[in-house]
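*Asks:* Only the shape, not the letters, is given here:
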């Protein structure tokens with residue numbers, strides 16, 4: 001497929017998804033081509049189209065992020081919406097066959113505080129969608145290996161495993177979680193100014209027991225983007241004496257994560273997610289098994 005054809009297909013996938021986004025607000029699905037075998041989940045639960053978030057949304061914000069995989073027919077949108085009484089961060093994945101939507105996976109994150117900044121989610125980071133030079137691109141297989149090393153490094157509390165630049169910034173629901181300007185912050189937040197490798201090596205993420213059900217849903221080699229959906233388990237029992245317990249009760253986060261990779265290194269990470277009961281399943285199978293043995 002030529003670059004021109006790939007870009008045309010990318011725009012087509014986005015247009016198909018946009019018909020569904022419009023239908024959510026209008027409550028009119030007549031213009032959306034949905035497969036008779038459509039599977040639709042929202043926050044891990046399988047529910048009928050037109051229920052859940054579809055009943056509470058009032059309008060979309062103007063800005064959105066789209067991520068597409070023209071080889072697999074998958075398209076992901078990150079957006080923000082007005083619901084009845086709140087603002088909501090929304091991630092939606094659709095799998096498209098022809099002009100028909102066969103799968104829809106929705107994540108609604110309804111939060112508050114530093115790690116709930118929908119305006120940042122939909123507007124940044126700068127350069128995320130830039131096309132990168134051909135010589136700086138990685139293959140699909142290489143990109144998948146890179147993100148697994150990132151997740152395995154967190155599981156093993158081994159920062160050296162993580163193939164990221166020292167300046168790599170990580171955003172979580174819009175809040176800066178790595179390489180932030182921590183000037184004036186209290187001691188408990190200083191770690192957010194560290195590099196990702198330092199944070200991991202010093203145990204700041206040792207409270208995460210597993211990063212499971214990893215599913216690579218989009219690979220865009222031209223832009224160096226890879227989108228992964230997965231579950232973070234928090235047992236609420238620190239595995240190391242110096243590990244903080246950020247979540248007082250056992251819990252699992254459903255996360256949609258985007259990585260930008262250039263020259264074989266992760267240079268941006270941005271994620272959206274929401275908290276659920278410990279051990280919850282994704283609704284989409286087990287995905288990639290934990291891969292610790294592969295890096296032993």
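*Replies:* Nice, thanks for sending it over. Note that this is a predicted model, so its numbers are computed, not measured.

*Asks:* Now stretch 68-81: average pLDDT?
*Replies:* Averaged across stretch 68-81, the pLDDT comes to 98.

*Asks:* okay, now the domains of the protein?
*Replies:* Annotated domains of the chain cover 3-123, 134-295 [automatic domain parsing].

*Asks:* Quickly list what residue 216 is bridged to.
*Replies:* residue 228 (DSSP bridges).

*Asks:* distance of it from residue 143?
*Replies:* 8 Å (C-beta to C-beta, to the nearest Å). To be clear about C-beta, it is placed using only N, CA and C from the backbone, and glycine gets the same treatment.

*Asks:* re the thing from before, if you average pLDDT over each of the domains of the chain, which is lowest?
*Replies:* domain 134-295 (a mean of 90).

*Asks:* returning to that earlier point: and for residue 216 and residue 143, which residues touch both?
*Replies:* By the contact definition C-beta atoms under 8 Å, 6 or more residues apart in numbering, residue 216 and residue 143 are jointly contacted by residue 226.

*Asks:* can I get the domains of the chain in CSV with mean neighbour count?
*Replies:* Below are the domains of the chain laid out as CSV (neighbours: other C-beta atoms under 10 Å):
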stretch, mean neighbour count
domain 3-123, 17
domain 134-295, 18
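
*Asks:* all strands for the stretch 51-200 of the chain, in order.
*Replies:* Remark: strands assigned in the stretch 51-200 of the chain by DSSP state E, counting those that start in this stretch are 59-60, 65-69, 74-82, 87-97, 100-109, 164-172, 175-178.

*Asks:* What strands line up against the fifth one, and which way round?
*Replies:* To tie it back to what came earlier, the one meant is strand 100-109. Strand 100-109 has these strand partners (DSSP bridges): strand 34-42 (parallel), strand 87-97 (antiparallel).

*Asks:* would you list those strands in TSV and tack on distance to residue 171?
*Replies:* Converted to TSV, the strands paired with strand 100-109 look like this (distance: least, C-beta to C-beta, whole Å):
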stretch	distance to residue 171
strand 34-42	23
strand 87-97	12
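
*Asks:* The residue lying closest to residue 83 once chain neighbours are set aside and residue 275, how far apart?
*Replies:* Sequence neighbours aside, residue 56 is the residue nearest to residue 83 in space, at 4.5 Å (criterion: C-beta to C-beta, 6 or more residues apart in numbering). Per C-beta to C-beta, residue 56 is found 19 Å from residue 275.

*Asks:* Nearest to residue 222, out of the strands of the stretch 51-200 of the chain?
*Replies:* Closest of these to residue 222 is strand 65-69, at 10.2 Å (criterion: C-beta to C-beta).

*Asks:* Report the inter-axis angle for the closest one versus strand 74-82.
*Replies:* Interaxial angle, strand 65-69 versus strand 74-82 (axes from the mean of the first three to the mean of the last three C-alpha atoms, to 10 degrees): 170 degrees.

*Asks:* Give me the contact list for strand 65-69.
*Replies:* Contacts of strand 65-69 (C-beta under 8 Å, 6+ apart): 9-10, 13-14, 17, 74-79, 121-122, 128-129, 217-220, 225, 227, 258.

*Asks:* that older thread, between the strands of the stretch 51-200 of the chain, which one is nearest to residue 26?
*Replies:* strand 59-60 (10.6 Å).

*Asks:* now the angle from the helix or strand hosting residue 259 to strand 164-172?
*Replies:* According to DSSP states H and E, residue 259 maps onto strand 251-262. For strand 251-262 against strand 164-172, the angle by the same axes, to 10 degrees is 130 degrees.

*Asks:* helices or strands next to strand 251-262 in the packing?
*Replies:* Strand 251-262 sits against strand 74-82, helix 140-156, strand 225-234, strand 265-277, with contacts defined as 3 or more C-beta pairs under 8 Å, 6 or more residues apart in numbering; DSSP states H and E.

*Asks:* Columns distance to residue 181 on top of those, output as TSV?
*Replies:* TSV is the format used below for the helices and strands packed on strand 251-262 (distance: least, C-beta to C-beta, whole Å):
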stretch	distance to residue 181
strand 74-82	24
helix 140-156	23
strand 225-234	25
strand 265-277	16
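
*Asks:* what about the ones you listed, which gets the closest to residue 26?
*Replies:* Going by C-beta to C-beta, the one of those nearest residue 26 is strand 74-82, 13.7 Å.
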